[in-house]
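# Need a 3D model of the following:
(one chain, ligands or ions: 2)
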Amino acid sequence: MSDCIFCKIVTGEIPCYKIYEDEKYLAFLDIYPWTEGHTLVIPKQHVEWVWDYPELGEYFEVVGKIARHYREISKDIVRSNIDGWQVQHAHIHLKIGKLSDLNPKQGDPDILKSTMEKYRL
Ligand code: AMP
Ligand code: ZN
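Ligands and ions are numbered 1, 2, ... in the order given. Here you go, the predicted structure:
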């Protein structure tokens with residue numbers, strides 16, 4: 001989809017702090033993080049809602065792999081949620097740790113970069 005911000009991240013037109021990539025899925029840091037390592041896991045194929053994606057089980061396996069990796073590295077809990085208030089390209093949020101900023105500001109690029117280096121698979 002030409003006007004979709006996440007499709008532009010998939011093609012590289014918009015940069016991202018990449019955590020994980022394979023042929024079908026991409027995970028990158030949210031630039032308005034609610035927690036440390038706030039991540040969005042997306043299918044590369046544009047579908048509007050998670051429930052529209054035809055291989056939900058496979059998608060969820062990838063989300064689980066990243067969440068378990070985060071638990072191992074952080075020794076903390078990992079929350080997840082599915083919203084879609086702002087971006088209509090299927091995505092699942094992962095959030096590390098107990099503290100959440102309910103009024104997030106744009107993340108500091110240096111902190112996002114070091115977070116990416118700490119957590120990427
Ligand atoms: P929602 O659609 O409500 O699940 O929220 C979409 C999320 O995407 C928000 O938490 C935004 O901060 C995040 N977001 C929007 N644009 C970008 C971007 N270019 N890179 C990373 N995260 C983004
Ligand atoms: Zn898209």
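
# Going by C-alpha atoms from here, please, whenever you check contacts or count neighbours.
OK.

# Mind listing the strands the longest strand belonging to the chain pairs with, and their directions?
For the chain, the strand with the greatest residue count under DSSP state E is strand 36-43. Strand 36-43 has the following strand partners under DSSP bridges: strand 25-29 (antiparallel), strand 92-96 (antiparallel).

# what sits against the most centrally placed residue in the chain?
Centroid-nearest residue in the chain: residue 40, 1.3 Å away (criterion: Cα atoms, centre = their mean). By Cα atoms under 8 Å, 6 or more residues apart in numbering, the contact set of residue 40 is 27-30, 91-94.

# Now pLDDT and distance to ligand 2 too, for those residues, in a markdown table please.
Formatted as a markdown table, the contacts of residue 40 follow (pLDDT from 0 to 100; distance: Cα to the ion, whole Å):
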| residue | pLDDT | distance to ligand 2 |
| --- | --- | --- |
| 27 | 98 | 14 |
| 28 | 98 | 14 |
| 29 | 98 | 16 |
| 30 | 97 | 16 |
| 91 | 98 | 10 |
| 92 | 98 | 14 |
| 93 | 98 | 16 |
| 94 | 98 | 19 |
